[in-house]
Each structure stands twice: as C-alpha cells, then as structure tokens.
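Visitor: heads up, no residue letters with this:
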C-alpha cells in the first residue's frame, strides 16, 4: 500500500501548524506590549486578544505571582512553554513523516 497520500496529509498539517503558530506567538507579544498602551488594551482588538491569551496566562500567574506586585513574568514563561511545545510538535511530525514514508 502506498502511504504517499498519508505523508502528504501529514506534511500539509505540519505546514499549517508552522504557518499559524508564529501568528499566534506574535499575537501574544502584541497582547503583552498592549499593556503599555491602555487605549489598545481597552479597544475591541485588545479585548479579542484578552479572550484568547488570558486563559493561557492565568495558570502561570497563579504559579508565579508578580515580582514586587508589578513585574509579571507569566508571559515570558508562557512564551518559553509555547516554544518548547512547538519544538516538540515539529519533532513529532518529523518522526511521523519519516516513519510513514
């Protein structure tokens, strides 16, 4: 049986992930920087980003409270976790494609 169709599907999923993931990461960075611009944070765009990223940031905020009540390190930890997740998923796709083909 020819597995080329399955390999093509895996490659398309992998490419889609590698297209969407940087956009998701940049959205988080924009959301973090919007805390310096209250007008942006309170706009409809800021509210949209808040609904996406606040549920992801909340568990890290519970684990790591802000330093001095001001410096919030949870976005940095979330970015590190997201990078590790992306690296792991890319490796899984790489292994699956080699294994199937």
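Guide: Noted; the coordinates are in hand. Given the structure is predicted, the values throughout are model-derived calculations rather than measurements.
Visitor: all contacts plus neighbour counts: C-alpha atoms, from now on.
Guide: Fine.
Visitor: pLDDT of the host helix or strand of residue 12, averaged?
Guide: In the assignment (DSSP states H and E), residue 12 maps to helix 4-33. Computed over helix 4-33, the mean pLDDT rounds to 94.
Visitor: and the next helix or strand past it?
Guide: Downstream of helix 4-33 (by DSSP H and E), the next one is helix 38-41.
Visitor: give the buried residues for that following helix.
Guide: 40-41 (16 or more other CA atoms under 10 Å).
Visitor: got a list of contacts for it?
Guide: 31, 34-35, 46-47 (CA atoms under 8 Å, 6 or more residues apart in numbering).
Visitor: can you rerun that using 6 Å?
Guide: Helix 38-41 is contacted from outside by 34, 46, using CA atoms under 6 Å, 6 or more residues apart in numbering.
Visitor: same check, this time on stretch 53-67
Guide: Among residues not part of stretch 53-67, those counted as contacts by CA under 6 Å, 6+ apart are 72, 74.
Visitor: how distant is that stretch from the center of its chain?
Guide: 15 Å (CA atoms, centre = their mean, to the nearest Å).
Visitor: buried stuff in that stretch?
Guide: In stretch 53-67, counting by 16+ other CA under 10 Å, buried: 53, 57, 60-61.
Visitor: kindly report the same for stretch 76-89.
Guide: 78, 86.
Visitor: how near is residue 2 to residue 100?
Guide: Plainly put, residue 2 is 10 Å away from residue 100 if you go by CA to CA, to the nearest Å.
Visitor: these two: which is more packed in?
Guide: Using other CA atoms under 10 Å, the more surrounded residue of residue 2 and residue 100 is residue 100, with 12 against 8.
Visitor: the more buried one and residue 25: what is the separation?
Guide: Residue 100 is 30 Å from residue 25, by CA to CA.
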